[in-house]
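1. Give me the fold of what follows.
(one chain, ligands or ions: 1)
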Amino acid sequence: MSLNDFVVDALIRTERYKNTRLWTVENHAKYSTLTAPLASSGNPSRFNLQIFQLMCALNQQGMAEDGLCADAQGQGALKDILGTLAERLALLSENRHVHYVELGPEPIKTAHLLGRITEACTSLRYTAIDINQTSESVMRDAVFPIVEQHGSFNYIAADYRTVERADLHHEQDITLITLLGFQEGNELPVTTGRLIRSLASDATYIISEMQIYEEGLQSNIHAFYANPHMIRFSQVVAMQQGFIPLDEHAVTLVRFKLLDELIHVAVTLQPVEKGRQQGCLLTNICLKYTPEQFRRIRARHCNCSVLDEFASGDGSVRYQIAKYLQ
Ligand SMILES: C[S@@+](CC[C@H](N)C(=O)[O-])C[C@H]1O[C@@H](n2cnc3c(N)ncnc32)[C@H](O)[C@@H]1O
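-> Alright, predicted model coming up:
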């Protein structure tokens, strides 16, 4: 069963959605410019560009807002823990030839991390892998000036699940593979495991950013999806998929068992109309691990050992650095 199937199965068991017509969209259909788009009008990549720009705007806001995700005393804001992550990555990179591989790139956090790494490393090769090619020029503009002196900028327009270890040319001293922006939440743990095992080599570190599920943190998840950029994201995805969006998306948390893990998943349901039918399009499906699950899944499915974790002051966002075990 796909992640979409698990979620729909959980939703139709709820009182609220048991009689609702539900449509799903595969990640590929939502993000990819590599294949012909579905029923959308106008320029095929117009929606893809908007989707990329919305993610950038979200990151811009996330890094600019002083107290975002901080604790009650204002400590541990998102931008502060990104700074801590940057310091840790700089330490790992010290006097080394580094390859930074970004799965699903974005320019804001990346420019910050690369800026710090490049002060410490000997050379920095950067590779973005994206199915949404509208990111290429923005990433080049953000990254090239940082790597130009002692490194290179590379962009692979591909589904990262089809990229092989050999395509990454693991000849640097270390490789940092990043999954930022709650990206890991879009895939089943076994899929992330397969992805990491097919891309990683020796001296490879996996850096992931997750929104965390824990008792008491549900309101943080709801707040994230209530962000105007996320609301707009759902409407753009609906239009891209040939629906008329009606109103704003609803956010719900469902849970189901995957192997022996009870997994919580945030779902955005965009009210839509198509032809004479009304219902909801599931525009975002994102797994929210508990801190223990985040660690366990890295070891169990990805053959990695967790080196470090940095949690935001309110505990809702966590960066993890894990080392791939050969
Ligand atoms: C949730 S966004 C996260 C973006 C970014 N990492 C961040 O921190 O905001 C997911 C990104 O991954 C890309 N993406 C999704 N599935 C992909 C796939 N199978 N192969 C390559 N890129 C993919 C999308 O184009 C999009 O840029």
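
2. Every contact and neighbour count from this point should use C-alpha atoms.
-> Fine.

3. hey, where'd the strands end up in the stretch 201-326 of the chain?
-> 204-211, 244-245, 250-258, 261-274, 277-288, 304-311, 317-324 (DSSP state E, counting those that start in this stretch).

4. Output those strands as CSV; include the columns mean pLDDT.
-> Listed next are the strands of the stretch 201-326 of the chain as CSV, based on pLDDT from 0 to 100:
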stretch, mean pLDDT
strand 204-211, 98
strand 244-245, 98
strand 250-258, 96
strand 261-274, 97
strand 277-288, 98
strand 304-311, 98
strand 317-324, 98
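
5. mind putting these in TSV, mean neighbour count and distance to the ligand included?
-> TSV is the format used below for the strands of the stretch 201-326 of the chain (neighbours: other C-alpha atoms under 10 Å; distance: least, C-alpha to the nearest ligand atom, whole Å):
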stretch	mean neighbour count	distance to the ligand
strand 204-211	24	8
strand 244-245	20	21
strand 250-258	16	16
strand 261-274	20	13
strand 277-288	22	9
strand 304-311	18	16
strand 317-324	22	11
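
6. show me the contacts for Asn48.
-> Shown in contact with Asn48 (C-alpha atoms under 8 Å, 6 or more residues apart in numbering): Lys30, Tyr31, Ser32, Thr33, Asn132, Thr134.

7. what's the helix or strand for the fourth one?
-> Yep, that's Thr33 we're talking about. Using DSSP states H and E, Thr33 falls within no helix or strand.

8. on that earlier part again, mind putting the strands of the stretch 201-326 of the chain in CSV, distance to Asp5 included?
-> Formatted as CSV, the strands of the stretch 201-326 of the chain follow (distance: least, C-alpha to C-alpha, whole Å):
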stretch, distance to Asp5
strand 204-211, 22
strand 244-245, 22
strand 250-258, 11
strand 261-274, 13
strand 277-288, 11
strand 304-311, 28
strand 317-324, 26
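
9. follow-up on the earlier one: now, of the contacts of Asn48, which are buried?
-> Listed as buried from these are Lys30, Tyr31, Ser32, Thr33, Asn132, Thr134; burial here means 16 or more other C-alpha atoms under 10 Å.
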